[in-house]
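Peer 1: output the structure for:
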Amino acid sequence: MFQFAVCEKFPRNIGSKTYYTINKSNEDIIIIGSSRASHHYVSRLITDSTKFSSYNCGQDGHFFVFSNCVINTLLERYSPKYIIWEVDDNCLTTTSPEQSINDLYPYYNLVYCKNVIDNMGIKQKIKMQSKLYRYNSTLDGLISPFLKVQNFDNGYVPIENLGYKYPTIKNDLIENEVNSDKVKMLKNTLINCIEHDVKIIITSSPKFTISNIKNTVQYKTLIQVCDDYDIPFIDLSGIDLFLRDSTYFKDNVHMNDKGARKYMEYFIPELKKAMNK
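Peer 2: Predicted coordinates:
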């Protein structure tokens, strides 16, 4: 199909991230998550410090269910040494956003993707019988990134430090509930990583917000699941330095390049501890 031909020609372009992650990635360390992964983890600095090759497979607007699909589908092909998974605050709630599942439609023939897509309902299952539907659903999203200039480094997508108004700190009220299906999905993904001898590390990077997240049942559930499966959880979301300086941020939940590089000074030592645990 045309989409895959473009991805094959430009496998490391930002428009080919899903394709590259599922079909081409072979690095020791794979970084997974949404925009907070793609903009916050400087893969080159991680490689320089750990001496392991790394690639940032994070994608804007691609959340918890998508990340689960990518991780499990990736493991069908190869086992990286480490997976760093940046999770969003609402990842285990019912109302968390699940955009971009359509990016997985071309991979419907892969077992895990098929199961997740089929669970969207009988109408979706019927639509997926059309290969034209599968591939056309991703055409715009695939081509548009090729039409603009990219600043792209081993998957890391830096946000410029200047040219916008820095954010004002705000209070963020996180939902105090949990979706049992997502908890089950998380557990199954962690088990799959363990069975493939892949060390997965859950992370949460800085935000320019004051929230109730640590008092919510979903946060406590995430902590408990990580403890149950002996999975490291590096939570650096509330580092005081970042809460005192808005110039590290593009908005309240996304750091710019200055912030990401400063964050690496805190994150990489914790990553090394987790890797050696």
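Peer 1: tell me where the stretch 101-250 of the chain has strands.
Peer 2: Counting by DSSP state E, counting those that start in this stretch, the stretch 101-250 of the chain has strands at residues 170-172, 199-204, 209-211, 233-235.
Peer 1: partner strands of the first one and their direction?
Peer 2: By that I understand strand 170-172. Listed by DSSP bridges, the sheet partners of strand 170-172 and their directions read strand 209-211 (parallel).
Peer 1: now, of the strands of the stretch 101-250 of the chain, which is deepest in the fold?
Peer 2: Of all the strands of the stretch 101-250 of the chain, strand 199-204 has the most neighbours on average by mean count of other Cβ atoms under 10 Å, namely a mean of 22. From N, CA and C alone the C-beta is placed, and that goes for glycine too.
Peer 1: name the helices or strands packed onto it?
Peer 2: Judged by 3 or more Cβ pairs under 8 Å, 6 or more residues apart in numbering; DSSP states H and E, strand 199-204 is in contact with strand 82-86, helix 180-195, strand 233-235, helix 257-275.
Peer 1: distance to residue 31 for these - can I get that in TSV?
Peer 2: Formatted as TSV, these follow (distance: least, Cβ to Cβ, whole Å):
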stretch	distance to residue 31
strand 82-86	5
helix 180-195	14
strand 233-235	12
helix 257-275	11
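Peer 1: residue 173: which of those is closest?
Peer 2: Closest of the helices and strands packed on strand 199-204 to residue 173 is strand 233-235, at 18.6 Å (criterion: Cβ to Cβ).
Peer 1: point out where the stretch 1-150 of the chain drops to low pLDDT.
Peer 2: For the stretch 1-150 of the chain, applying pLDDT under 70 flags the ranges 1-15, 95-100, 137-150.
Peer 1: which of the strands of the stretch 101-250 of the chain sits closest to residue 133?
Peer 2: strand 199-204 (32.8 Å).
Peer 1: ok, that closest one: who's next to it in the sheet?
Peer 2: strand 82-86 (parallel), strand 233-235 (parallel).
Peer 1: just the C-alpha atoms of it, please, in PDB.
Peer 2: The C-alpha coordinates for strand 199-204 follow below in PDB (Å, rounded to 0.1, in the frame of the first residue of the first chain):
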ATOM      1  CA  LYS A 199      12.300  -4.500  31.600                       C
ATOM      2  CA  ILE A 200       9.600  -1.900  31.400                       C
ATOM      3  CA  ILE A 201       9.800   1.300  33.400                       C
ATOM      4  CA  ILE A 202       6.700   3.500  34.000                       C
ATOM      5  CA  THR A 203       7.400   7.200  34.200                       C
ATOM      6  CA  SER A 204       5.700  10.500  34.800                       C
END
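Peer 1: what about the helices in the stretch 1-150 of the chain?
Peer 2: Secondary structure of the stretch 1-150 of the chain by DSSP state H, counting those that start in this stretch: the helices cover 2-9, 17-19, 35-38, 43-50, 64-77, 111-118, 122-127, 131-136, 139-143.
Peer 1: pipe these into a markdown table and attach mean neighbour count and distance to residue 232 per row.
Peer 2: Below are the helices of the stretch 1-150 of the chain laid out as a markdown table (neighbours: other Cβ atoms under 10 Å; distance: least, Cβ to Cβ, whole Å):
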| stretch | mean neighbour count | distance to residue 232 |
| --- | --- | --- |
| helix 2-9 | 15 | 32 |
| helix 17-19 | 25 | 25 |
| helix 35-38 | 24 | 16 |
| helix 43-50 | 18 | 14 |
| helix 64-77 | 22 | 16 |
| helix 111-118 | 17 | 24 |
| helix 122-127 | 12 | 35 |
| helix 131-136 | 15 | 36 |
| helix 139-143 | 14 | 33 |
